[in-house]
Each structure stands twice: as structure tokens, then as C-alpha cells.
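> The sequence and its predicted three-dimensional model are supplied below.
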Amino acid sequence: MPAARTAPLTVLAACLALATASAWAQTSPFPVTPEQRRVADQVAGAGVPLAELAPDAPDSHTVKAGDTLWDISKLFLKSPWRWPELWGMNREQIRNPHLIYPGQVLLLVKIDGRARLQLAQGVGGGTAGDAVKLRPQMRIAALDSNGIAAIPLHLIQPFLTDAVVFETDQLAAAPRVVATQEGHVLLGKGDIAYARGDFGGATDFRVFRTARTLRDPATKEILGYEAPYVGTAELIRMGEDRTTADGKTEIVPATVRIQQAKQEVGIGDRLAPAPQRNLERYVPHAPDKPMAGQIAAIYGDALNAGQNQIVALNRGKRDGVERGHVLALWRDGAAAVDKTQERAQAIKLPDERHGVLFVFEVYERVSYALIISVKEPVKPGDRFSEP
């Protein structure tokens, strides 16, 4: 397709190549991991077996605004997170899986029991400067063997600040709110609070309640300390210890202003320096090795969780968990009784896969995941595996 007649369409890989801002999203390249490239190279020459195609895979598809690589993968392949194989169907024509063009026609060519994806020639109609930026779209579908739903940024972005796990109970020694403005018991945005502690030279802080311990459901090992997020605060005046005229020490706390308040800020709340957040793009992919674990906790105060809620997993970086990992949720098989014989016998029904998780934040021993589809309520102790 002549370059003068087409404008690149940035595809959000797997419907989730997420960016922090429009300008950043337009300029930053999408990641292609060595493993994804290896898979693509593996199938580039031969294509994929016909058995790997979706049952209703079309013979052709015209790329249009609103399409994503994830959507196109679902059209052609049974497992959309295996998008590198779709890309690898024809590496010569599709050199970059994250750049396609409005009006391009993708052709599915089947020869000798294998399938390849090719670009039709001489199609298009865009003009230079017609670049269209694809945005994440919510496409939650019923769970089945053919699809994993897309994850839009707005569902997980708040939790990148809210859901925080500390390796140690460091908040116990963090600066703390010791007093409020006169007449105020709880504080909101714009209010003044007074705090004591070592601020370490920082000026911007997140405010947390007392952290709770996260334990492994099986081993009871401490995985980390989850701190309920309250809001943000700005240090506007340092405190000091000064000596009065009569020789006594007078303690003057630091002054902070509440910038944001998800909950009302009160005495005893802790301050932790706000980190520089790197909202990486999230490319969904299956783990490259077997993985198994359990739900350690439901984020917040709920006893059970459903679709679009957050859970903590008892696996983290040290176990090979990565941002973007797609995991399967399993329900324990129910206890039952076999009454078909002369003597009734207790049995356990098989475990059933009933949901899908998407990992968006990873710590050393624990990770946070979004439930993107589920059939029944999820509770601590439920297990997960590779998809």
C-alpha cells in the first residue's frame, strides 16, 4: 500500500495497549517481547494449523476505526491472547503488529492444512495525516473457550494508586496525622492537617489507614502489608522542635494540605511519599510456564468479588508473575454423594474453570489482578492457573 495513501493506525495490542496520555500514546512505541517475537518467527514460514483457527474465522476482514489487534485475533484464532501467532502468519507483510492502516484488507489463506494471514494489495483510502488512535473499548463477553475480554484503562487506573502493598510494615514508622484544623474531626480536599515524623525530603504524599497483613491462604506466610488508600496530601510547612524562653521544648508539627480525599482523613492516618507512576502499556499474554496459586484477599471490605473487582494473588515477581498475565480462575468441585450403588459413597466433583483474571500490578510476593469475567462469586482461597 503506497505510503502517501495510508495513515498509520496505532492498534492497542490486545485491546489493552494502554497509555497515560494522548500525546504519549501517539509517540511511544508498543513493546514486542522476545517471547512474542520468537513465537511469531516460529509460525512465520508455515502458518498455523487450521485447528487453531476460530470456528467462524472469516476469509477476509477490512480494518476499520475501532478495531484492535485483540478484536482481530478473536476473529481468526481460538485463543486471542495468542496474538503473536496471528502476527506471525505473515511477518513479511505485517512487520509491526501494532501498526495497521484504515482500509487494509486482511486475507486468510488456507493451504495444505495451514493458514496464513496476508494483506490484500491496493486497498485503503486514507490520506496522510488521517491517523486514527484506537482507544480501549469495554468488550466483556460470556466466558467460553474462545475469548478473553478486553481491559480498558479506566477500570484499573484508580487501583494503580489505591491498591498498594508494602514489603514490610513500614507505615508503622511513617509520618502520621496528629491534629486537624480547629473544629474539624475529619478532613476533605483543601483542608489542613498537622503531622509528625520523618518526611525524608518529600513534599507529595499518599495518605493511608493502618495496613492489614496479607497472608498466603495455604502456608500462612506473610506476603506483604496492604494499606487502605485514603487520599493525597502536600507538605506546605515543615515542623520544628524549638526551645521556649523558660527552657522547655515546644513541638510544632508540620502542616500539610489535603489534595484529594477518597475517604475522609483523620488523626492517626499515615503518610507515604507518592512514587512516580509509570503506567506501562499492558499487553495481555499467557505465562510461559505452568503457574498456580490462590486468591489471598479481596480488595476492600467485601467478602466476595465479582466482575471488574480487584483481588490479591499469593504469587508475585519471585514466582514469575508479570504485568499483563492472563490467568484462569477455578472453582473447587462440590462435595456430593454417589447413591447409585448399594452403599452411598462420598465423592468430590471436578474443579471447574469459571473466570479470567488480568494481572495489572506485581510486587515481590503478591500481585493484583482484575476479574474480567466470572460465573460465580470469587472468595479468598479460590485458585488460579495459567489459561
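The structure has been received and is ready for your questions.
> Can you tell me the strand partners of the longest strand along the chain and which way each runs?
Longest strand of the chain, by residue count under DSSP state E: strand 352-362. Its sheet considered, strand 352-362 pairs with strand 326-331 (antiparallel), strand 367-374 (antiparallel) by DSSP bridges.
> For the helix or strand immediately after the longest one in the chain, the averaged confidence score.
The one in question is strand 367-374. Scanning forward in sequence from strand 367-374 by DSSP states H and E, the next helix or strand is strand 383-385. Mean pLDDT, strand 383-385: 94.
> Sheet partners, orientation included, of strand 383-385?
strand 292-298 (antiparallel), strand 326-331 (antiparallel).
> Keeping just the C-alphas, turn the longest one into CSV.
Read it as strand 292-298. Taking Å, rounded to 0.1, in the frame of the first residue of the first chain, the C-alpha atoms of strand 292-298 are listed here in CSV:
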residue,chain,number,x,y,z
ALA,A,292,-0.8,-22.0,40.1
GLY,A,293,-1.8,-20.1,43.2
GLN,A,294,-4.7,-18.8,45.3
ILE,A,295,-6.6,-15.6,45.9
ALA,A,296,-5.1,-14.1,49.0
ALA,A,297,-7.6,-11.4,49.6
ILE,A,298,-10.5,-9.3,48.0
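> And the strands paired with strand 352-362: which comes nearest residue 172?
strand 367-374 (22.2 Å; C-beta to C-beta). Using the backbone N, CA and C atoms, a C-beta is placed for each residue, glycine as well.
> Now the closest one: average pLDDT?
88.
> Only the buried residues of it, if you could.
367, 368, 369, 370, 371, 372, 373, 374 (16 or more other C-beta atoms under 10 Å).
> Tell me what the fifth one is bridged to.
For residue 371, the beta-bridge assignment (DSSP bridges) gives partners residue 357.
> list the contacts for it?
305, 306, 307, 308, 309, 310, 311, 329, 355, 356, 357, 378 (C-beta atoms under 8 Å, 6 or more residues apart in numbering).
> Tell me how far the nearest residue to the fifth one once chain neighbours are set aside lies from residue 359.
The reference is to residue 309. With C-beta to C-beta, 6 or more residues apart in numbering as the criterion, residue 309 has its nearest non-adjacent residue at 5.5 Å, and that residue is residue 371. Remark: distance between residue 371 and residue 359 (C-beta to C-beta, to the nearest Å) = 11 Å.
> Neighbours of residue 72, how many?
Residue 72 has 22 neighbouring residues, counting by other C-beta atoms under 10 Å.
> Is it in contact with residue 60, as I believe?
No. Using C-beta atoms under 8 Å, residue 72 is not in contact with residue 60, being 11.5 Å away.
> what residues are shared contacts of these two?
residue 106.
> From start to finish, how long is stretch 324-339 in a straight line?
Start and end residues of stretch 324-339 are separated by 45 Å (C-alpha to C-alpha, to the nearest Å).
> list the buried ones in that stretch?
Buried residues in stretch 324-339 (16+ other C-beta under 10 Å): 324, 325, 326, 327, 328, 329, 330, 331.
> where along the stretch 201-350 of the chain do the helices fall?
Counting by DSSP state H, counting those that start in this stretch, one finds no helices in the stretch 201-350 of the chain.
> can you map out the strands along it?
Here the stretch 201-350 of the chain has its strands, by DSSP state E, counting those that start in this stretch, at 204-208, 212-215, 222-227, 229-237, 240-243, 249-252, 254-261, 270-273, 292-298, 310-313, 326-331, 335-338, 345-348.
> and the fifth one, what's its mean pLDDT?
Here the mean pLDDT over strand 240-243 is 83, rounded to a whole number.
> per-residue confidence for residue 233?
93.
> ok, for it, nearest residue in space, not its chain neighbours?
Nearest to residue 233 is residue 256, by C-beta to C-beta, 6+ apart, at 4.4 Å.
> Tell me how many other residues crowd that neighbour.
If we define neighbours as other C-beta under 10 Å, then residue 256 has 26 of them.
> What of residue 376?
Neighbours of residue 376 (other C-beta under 10 Å): 13.
> Next up, the contacts around it.
Residue 376 touches 331, 354, 355, counting by C-beta under 8 Å, 6+ apart.
> How many neighbouring residues does the closest residue to the second one other than its chain neighbours have?
In other words, residue 354. Closest residue to residue 354 apart from its sequence neighbours, by C-beta to C-beta, 6+ apart: residue 375 at 4.1 Å. By other C-beta under 10 Å, 15 other residues sit near residue 375.
> for residue 238, same thing?
11.
> For it, what are phi and psi?
Backbone geometry at residue 238, expressed as degrees, to the nearest 10, gives phi -70, psi 150.
> Tell me how far it lies from residue 204.
14 Å.
> same check, this time on residue 322
Residue 322 is 28 Å from residue 204, by C-beta to C-beta.
> Next: residue 236.
11 Å.
> okay, those two: which has more neighbours?
Between residue 236 and residue 204, counting by other C-beta under 10 Å, residue 204 is the more crowded of the two (14 against 11).
> Quick check: the more buried one touching residue 274?
Yes. Residue 204 lies in contact with residue 274 (C-beta under 8 Å); the separation is 4.4 Å.
> what is in contact with those two at once?
residue 232.
> rewinding a little: any chance of the contacts of residue 371 in TSV, with distance to residue 169 too?
As requested, these are arranged in TSV below (distance: C-beta to C-beta, whole Å):
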residue	distance to residue 169
305	25
306	30
307	32
308	30
309	25
310	21
311	22
329	30
355	32
356	33
357	27
378	27
